[in-house]
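A.B. asks: just the structure for this:
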Amino acid sequence: MEKKPLISIIILNYNQLKVTCEFLESAKQLTYPNYEIILVDNASEENPMEYVSKNFPDVRVIVNDKNHGFTGGNNIGMKAAKGSFYFIVNNDTEIGGDLLEKLLEPFYEDPDVGMVSPKIKFYHNPDTIQYAGFTKVNPFTGRNRAVGSLEKDEGQHNTPGYTNYAHGAAMLVKQEVIDKVGMFPEHFFIYYEELDWSAHTRRAGFRIFYQPTAEILHKESITMGKESAIKAYYHNRNRILFMRRNSNTFEFSVFFLFLIFFTVPKNILKYTMKGQKEHRRNFVNALIWNLKSSKYNQ
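C.D. replies: Next comes the predicted model:
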């Protein structure tokens, strides 16, 4: 592997030009000498091309004619990239310093590493961890958690090592993964997509690494607002889809029973009690979508 390979930094913008420009400003502080930035706009109300080209002339801007979601938008960016590594990173993060150098280190140490994610902390609470690796998705409930989530960072997760899944907010991926596994599965659109991609990457023989010496700040709030109706659809739809694609017959049978006898009545009751008719309708639509989409099982 060459010593300073070209890294393609890929970010998405959707009606968040101010936040995106804050990211681009922070990227100027990177010390790594060989990178490009590709900004993919998912059909925002305000076309960012003119503003970004004027203020950040080195950034390549691609403006889509429709919203392709997290998966499709990033895939468009990867198709346009020239690097041998792709750094997929959220636009609501701020980066800088030797982040890219640190993320590259595991690839030099282990040729089987395919993806590396940094320690992710909250921008507005920088002493609090969001991600320090992922636990494995429970094969019977379809749920997992981020290691260290909401813990005060006192160095307890400073040991680098292999983890189950990379984090979609910040993941460095080498070209060989795309060659062997492919890009993001676009039918996920948003939610569970990085877990599915990571699972397929591991099955292809690659390893996923958590690198705590690399840190990134994420502007996502610690206290999330009420679950949106859109999230009620995609999160539930894609949890089922993930299990369809990544569990064996026995595991999925148990998951299906858990879904039918626990998740469905619990969510229907929750949305009904809260008067969230749109949430309830979207939850039901998520179930129906899975019944009609067997072609996405692989």
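A.B. asks: the closest residue to Leu99 other than its chain neighbours: what secondary structure?
C.D. replies: Of all residues not flanking Leu99 in the chain, Ala214 sits nearest, at 5.2 Å (CB to CB, 6 or more residues apart in numbering). Backbone N, C-alpha and C define where each C-beta goes, glycine included. At Ala214 the chain is in strand, as set by DSSP: H, G, I helix; E, B strand; the rest coil.
A.B. asks: pretty sure Ala214 is touching Lys119, no?
C.D. replies: Yes - contact criterion CB atoms under 8 Å: Ala214 and Lys119 qualify, at 6.9 Å.
A.B. asks: give me the number of residues near Asn13?
C.D. replies: 23 (other CB atoms under 10 Å).
A.B. asks: actually Pro126, sorry about that
C.D. replies: Pro126: 10 neighbours (other CB under 10 Å).
A.B. asks: would you agree it falls within a strand?
C.D. replies: Yes - in this structure, Pro126 lies within a strand as judged by three-state DSSP.
A.B. asks: and it, what does it touch?
C.D. replies: Leu217 (CB atoms under 8 Å, 6 or more residues apart in numbering).
A.B. asks: separation between it and Phe85?
C.D. replies: Using CB to CB, to the nearest Å, we find Pro126 at a distance of 26 Å from Phe85.
A.B. asks: and stretch 168-177, average pLDDT?
C.D. replies: When pLDDT is averaged along stretch 168-177, the result is 97.
A.B. asks: buried ones in it?
C.D. replies: Buried residues in stretch 168-177, counting neighbours by 16 or more other CB atoms under 10 Å, are found at Gly168, Ala169, Ala170, Met171, Leu172, Val173, Lys174, Gln175, Val177.
A.B. asks: what does stretch 96-103 give?
C.D. replies: For stretch 96-103, a neighbour-count test (16+ other CB under 10 Å) marks Gly96, Leu99, Leu100, Lys102, Leu103 as buried.
A.B. asks: what of stretch 147-158?
C.D. replies: Judged by neighbour count (16+ other CB under 10 Å), stretch 147-158 contains these buried residues: Val147, Gly148, Asp153, His157.
A.B. asks: out of the residues you listed, flag the one nearest to His200.
C.D. replies: For those, the residue nearest His200 by CB to CB is Val147; the value is 21.1 Å.
A.B. asks: which residues touch the longest helix along the chain?
C.D. replies: In the chain, assigned by DSSP state H, the helix with the most residues is helix 229-246. With CB under 8 Å, 6+ apart as the contact definition, helix 229-246 has outside contacts at 137, 139, 142-143, 185, 187-193, 195-196, 199-200, 227, 251-252, 255, 259, 263, 267, 271, 276, 278-279, 282-283, 285-287, 289-290, 293, 296-298.
A.B. asks: let's go with 6 Å and repeat that
C.D. replies: Contact with helix 229-246 is made by 142, 188, 190-192, 196, 199, 252, 255, 278-279, 282-283, 286, 289-290, 297, as judged by CB atoms under 6 Å, 6 or more residues apart in numbering.
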